[in-house]
Each structure stands twice: as C-alpha cells, then as structure tokens.
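K.L.:
My questions concern the predicted model and sequence given below.
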Amino acid sequence: ADGRLLIWDFFTRSCEGGTVPGLTIPEAHEGSVTSVSWSRSSTYLLTSGSDKALRLWDVAAAAPHSGPPPCRAELRFDHAVDHAELRPRPTSSRQRRQAGAAGA
C-alpha cells in the first residue's frame with residue numbers, strides 16, 4: 001500500500017473524466033488508505049488510514065489536472081483508523097433524537 005488515492009469513475013471506467021476529472025491524491029496517507037467517504041454534496045472527501053489519521057479533502061477546490069485537492073483538516077489518533085464516514089448533521093429535534101439513539 002503506497003498511500004495513494006485515485007478516484008475511479010464507474011461509468012467511464014477510468015480515473016479520467018467523470019465527476020472529478022483526473023483526481024489523484026499521491027500521498028493521501030503514509031501507508032494504506034483504509035476508507036473513503038464523500039460528503040452529500042460531493043464537495044469534500046474524508047479518508048482514513050493506517051497512519052492513524054483522518055483527513056478531510058476539499059475536492060471542490062481542486063482544478064482538473066492541477067494537483068491534489070487541499071487537505072482542510074486532519075485528526076490524529078493513537079491507533080490506525082479502519083473506517084470513517086461523513087454523515088449530515090441532524091437538523092430537526094427528531095433527527096437529533098434518532099442520532100442519539102443510534103450512538104447509544
């Protein structure tokens with residue numbers, strides 16, 4: 001595992017074209033990328049890795065073929081992160097109660 005992240009477009013069967021043309025993050029993590037999660041708007045990409053880090057990438061700020069998107073946030077942990085997921089913030093009191101019950 002080289003820590004590189006390539007965005008594959010299912011429809012074009014390529015890393016070129018599609019939603020994010022040519023998006024590659026050559027050094028997304030030091031070691032394996034263990035999970036990837038898109039924001040609902042496809043603006044941000046959250047990655048986790050065996051390097052004990054979570055990184056939030058600003059995909060909307062990346063121009064095609066101009067290099068990787070900027071990393072907007074990074075969190076470090078004491079152990080490898082196997083999975084991370086972006087979820088919308090609950091907006092209604094019902095959604096907040098459901099989110100609280102799911103986390104219990």
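P.N.:
Good, I have the coordinates.
K.L.:
can you tell me which residues contact Ile25?
P.N.:
Arg4, Leu5, Thr47, Trp57, Pro68, Pro69 (CB atoms under 8 Å, 6 or more residues apart in numbering). Placement of C-beta: from N, CA and C, glycine included.
K.L.:
Just the pLDDT at the fifth one, thanks.
P.N.:
When you say that, I think you mean Pro68. Listed pLDDT for Pro68 reads 79.
K.L.:
Leaving out chain neighbours, which residue sits closest to it?
P.N.:
Leaving aside its chain neighbours, Pro68 sits nearest to Ile25 (4.4 Å; criterion: CB to CB, 6 or more residues apart in numbering).
K.L.:
That neighbour bridge partners, please.
P.N.:
Leu5 (DSSP bridges).
K.L.:
From Ala60, how far out is it?
P.N.:
Distance, Ile25 to Ala60, by CB to CB, to the nearest Å: 14 Å.
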